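Enquirer: can you look at this prediction? I've put the sequence above it.
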Amino acid sequence: MDFEFLSSTMITLLKAVPTTLLLFFLSIFFGGLLALIIVAMRVSGNPILSGFAKGYIFVFRGSPLLIQMFLVFYGLAQFSIIRYSFLWPFLREPVVCAILSLALCTAGYSAEIFRGGIRAVSPKEIEAARSIGMSGFLLVRRIIAPIAFRHALPAYSTEIVLMMKSTALASLVTVWEVTGVAQRLISQTYRTMEVFLCAAIIYLVLNFVILQAMALLEYSLSRHRRAVPPALKA
């Protein structure tokens, strides 16, 4: 095995990691915000808002992310109202299109994950909060949201890992992240095995860090469940 080539390839791919992280963090951030809006519409009880949320979730969970990305990257330019709008200088950039498509997709999955977390909140806890005067936003902020997030966190951590891997699709819309740079190196060197091995190692390390961070967050949020009762300490 050519270790000199592997080391030079790894250095080249590591230079593309910031682009991968940019795609990942921005898509998770905007996708999470959109998911909160979608899940609020989904559980609002309003048939119009709930129907729109159901349709959104069905479309973005039921169609491949790659097709969604192609529609955003190649399809938006077909509409003159977009080409001549103030958004066009942003939407013509491949990175922006990749982030937009990734965010729209993860919002559909995350909304259902969050809805599952909300449904896991015990009605007794909500009734107890209401009995002491909590209602509206205060009830959501102090009771429903923390409990729902704890229940949703294991499934949401899986979605976050999937989004990290999904950033590789951005290479198909000319974004030079880790996979895109790897494909360019392969076209220059014809050494597929070594290049993709280095790329796989980078993704494994990134996902390991993400999983450790999510496990630490889950541990900190459920610390009260591991508290030893005073009677047992004696």
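Expert: Yep, it's here.

Enquirer: CA atoms for contacts and neighbours, from now on please.
Expert: Will do.

Enquirer: what ranges do the helices span in the chain?
Expert: Secondary structure of the chain by DSSP state H: the helices cover 3-14, 17-42, 47-62, 65-70, 80-83, 88-91, 94-119, 123-131, 136-139, 145-166, 178-189, 192-221, 230-233.

Enquirer: by how many degrees do the third one and helix 17-42 diverge?
Expert: In this structure, helix 47-62 runs at an angle of 150 degrees to helix 17-42, with axes from the mean of the first three to the mean of the last three C-alpha atoms, to 10 degrees as the basis.

Enquirer: mind giving me the packing neighbours of helix 47-62?
Expert: Contacts defined by 3 or more C-alpha pairs under 8 Å, 6 or more residues apart in numbering; DSSP states H and E place helix 47-62 against helix 17-42, helix 94-119.

Enquirer: residues in contact with Arg150?
Expert: By C-alpha atoms under 8 Å, 6 or more residues apart in numbering, the contact list for Arg150 reads Gly117, Glu218, Leu221, Ser222.

Enquirer: ok, so of these, who is nearest Ala103?
Expert: Gly117 (20.2 Å; C-alpha to C-alpha).

Enquirer: which residue, other than its chain neighbours, is closest to that closest one?
Expert: Leaving aside its chain neighbours, Gly117 sits nearest to Ala148 (4.2 Å; criterion: C-alpha to C-alpha, 6 or more residues apart in numbering).

Enquirer: how many neighbours does the one you found have?
Expert: 21 (other C-alpha atoms under 10 Å).

Enquirer: who touches it in this structure?
Expert: Phe114, Gly116, Gly117, Ile118, Arg119, Ala120, Val121.

Enquirer: picking up where we left off before, closest one to Leu172 among the helices of the chain?
Expert: helix 178-189 (7.5 Å).

Enquirer: next one: the closest one to chain centre, how far?
Expert: 25 Å (C-alpha atoms, centre = their mean, to the nearest Å).

Enquirer: could you do stretch 136-147 as well?
Expert: The answer for stretch 136-147 is 23 Å, by C-alpha atoms, centre = their mean.

Enquirer: who touches it?
Expert: With contact meaning C-alpha under 8 Å, 6+ apart, stretch 136-147 is reached by Gly117, Ile118, Val121, Glu125, Ile126, Ala129, Arg130.

Enquirer: start and end of it, how far apart?
Expert: Start and end residues of stretch 136-147 are separated by 16 Å (C-alpha to C-alpha, to the nearest Å).
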